[in-house]
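**Q** predicted model and sequence below, questions to follow.
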Amino acid sequence: MATLVVNKPGAGLDSGRQGSRGTAVVKVLECGVCEDVFSLQGDKVPRLLLCGHTVCHDCLTRLPLHGRAIRCPFDRQVTDLGDSGVWGLKKNFALLELLERLQNGHIGQYGVAEEAIGISGESIIRCDEDEAHVASVYCTVCATHLCSECSQVTHSTKTLAKHRRVPLADKPHEKTMCSQHQVHAIEFVCLEEGCQTSPLMCCVCKEYGKHQGHKHSVLEPEANQIRASILDMAHCIRTFTEEISDYSRKLVGIVQHIEGGEQIVEDGIGMAHTEHVPGTAENARSCVRAYFSDLHETLCRQEEMALSVVDAHVREKLIWLRQQQEDMTILLSQVSTACLHCEKTLQQDDCRVVLAKQEITRLLETLQKQQQQFTEVADHIQLDASIPVTFTKDNRVHIGPKMEIRVVTLGLDGAGKTTILFKLKQDEFMQPIPTIGFNVETVEYKNLKFTIWDVGGKHKLRPLWKHYYLNTQGCCWSSVSRRDH
């Protein structure tokens, strides 16, 4: 387990108290279920339950579901998850802010970053003239942090009073110095294709160094242009994220409608109890059982076969839907990570923004491909929780929009069976052709799918007609009015 408390040297007699309080702080930063330290992102992000307790995201996903709610592992209070599941629970932002400050600052004797966090919890920068004071302004000429009192004292002369002093929130980014010429700041960006791996340059690089004679632009406008493209990409990412979230919520709803489950409700006096909510899978099974109830003794085997078909269909559909859920969760995580990366890049100085240009471009191309694939999948797939169940005359269960029917056409040779078959199939007449054996064609009409067997009518084939009646729902007899028949 990672330790977040660091003892300062020279703590002396306070080291024992410092260790105990530091351990207490670490305990606050641990998940009470798995005892792992919370993290700023990922599976260990702290999330708040309705009762006020905080549990990491990973442990919340492992808690048993009661309909669309979970119980707190500490006080058993109920928290409704909503359509978004665990992802919809609020993060503990106060704890996340403390974690971030502990990671970025120095740990004091009480387990907090004393140099970076004040009593109010805001970031503190000490005055460069008097460390006992808190800085409030920044002199852009002297490059110093000053409190208001020291600012007036140190700039009391007419010459120094002209220095530009700005609030700390408006403090400009420090200029990055050239790695080749340390006394010169980075001012330009090389636009040559071969220099994109190291495009930053100072005035010496531009005039006399390796970038001499190259096309270039000024650093700040180039960085602003990249920032603008990042903002556009961030907007696309947010839109894409909303589409994925909406699709994921639909998947969750479909699975819940199929599975059903237990739902926690309150009665008139405020007592909570569980109530069973049937899903479409259970409704389909009930439909099958109701159909076979009157013939249970003689049709037990057919009933079990029908139930197995429904279960197989439900199982396959749920497997596919859960796979879609998993894919959407992974895709949403990737897009969220990309969005976070873009947001962090926007906070960097101009040099780092320019250096991140190629990475951001590759990230945008990858996201565009993923968005195109997502759009194609979403357009071709219809999310439907219904399970249409129908039955045939011989008590077979059929799941799907089409009812399959087997039809046998019989008749003497030359009676027109094959002509009728091809007329139904291809809407065209054919010359009479003697049928040797049989012809098989499939014809669809509305929600019916006919498999038509055209059996030959020659005298030697007639004894075989009886073998084509098995599992047949219809028989068509074709005759002619010729006198010799």
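**A** Alright, I've got the coordinates. In this text the structure is predicted, and so the values were computed from the model without any measurement.

**Q** when you work out contacts or count neighbours from here on, use the C-alpha atoms and nothing else.
**A** Will do.

**Q** let's verify Leu326: helix, strand, or coil?
**A** Just so we're on the same page, residue 326 is Glu rather than Leu. Following DSSP: H, G, I helix; E, B strand; the rest coil, the label given to Glu326 is helix.

**Q** Cys300: what's it in contact with?
**A** Phe292 (CA atoms under 8 Å, 6 or more residues apart in numbering).

**Q** for stretch 413-426, buried residues please.
**A** 413-422 (16 or more other CA atoms under 10 Å).

**Q** and for stretch 214-224?
**A** 216, 219-220, 222-223.

**Q** check the separation of the first and last residues in that stretch.
**A** Length of stretch 214-224, first residue to last, CA to CA, to the nearest Å: 21 Å.

**Q** ok so, going back, mind listing which of the buried residues of stretch 413-426 are in helices?
**A** 417-422 (DSSP state H).

**Q** got these as CSV, with distance to Ile452 and pLDDT columns?
**A** Converted to CSV, those look like this (distance: CA to CA, whole Å; pLDDT from 0 to 100):
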residue, distance to Ile452, pLDDT
Lys417, 11, 73
Thr418, 10, 73
Thr419, 13, 74
Ile420, 11, 75
Leu421, 8, 74
Phe422, 10, 71
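
**Q** of all these, which comes closest to His273?
**A** Proximity of these to His273, judged by CA to CA, is greatest for Leu421, which lies at 61.8 Å.

**Q** quick check: the closest one vs Leu355, distance?
**A** Taken as CA to CA, the span from Leu421 to Leu355 is 71 Å.

**Q** do the same with Phe38
**A** 32 Å.

**Q** can you pull the pLDDT of Ala281?
**A** We have a pLDDT of 91 for Ala281.

**Q** check the secondary structure at Trp477 for me.
**A** Three-state assignment for Trp477 (three-state DSSP): strand.

**Q** when Phe38 and Leu355 are compared, which one has more neighbours?
**A** Phe38 (24 against 17; other CA atoms under 10 Å).

**Q** so which residues of the stretch 301-450 of the chain form helices?
**A** 350-355, 357-380, 417-426 (DSSP state H, counting those that start in this stretch).

**Q** deepest-packed of those helices, please.
**A** When the helices of the stretch 301-450 of the chain are scored by mean count of other CA atoms under 10 Å, the highest mean neighbour count falls to helix 350-355 (a mean of 21).

**Q** check the offset of that helix from the chain's centre.
**A** 30 Å (CA atoms, centre = their mean, to the nearest Å).

**Q** I'd like the average pLDDT over that helix.
**A** If you average the pLDDT values across helix 350-355, you get 86.

**Q** ok, now stretch 62-69?
**A** 85.

**Q** any idea how far apart the tips of that stretch sit?
**A** End residues of stretch 62-69 are separated by 13 Å (CA to CA).

**Q** use 23 as the first number from now on
**A** Got it, first residue is 23 now, which makes that one stretch 84-91.

**Q** who touches Ser106 in this structure?
**A** Counting by CA under 8 Å, 6+ apart, Ser106 touches 267, 270-271, 274.

**Q** next, the contact list for the closest residue to Trp499 other than its chain neighbours, please.
**A** Nearest non-adjacent residue to Trp499, counting by CA to CA, 6 or more residues apart in numbering: Leu432, 4.9 Å away. Under the criterion of CA under 8 Å, 6+ apart, the neighbours of Leu432 are 439, 476-479, 487, 497-500.

**Q** could you do Val465 as well?
**A** 446-447, 471-474.

**Q** quick one: secondary structure of Ala191?
**A** Applying three-state DSSP: Ala191 is helix.
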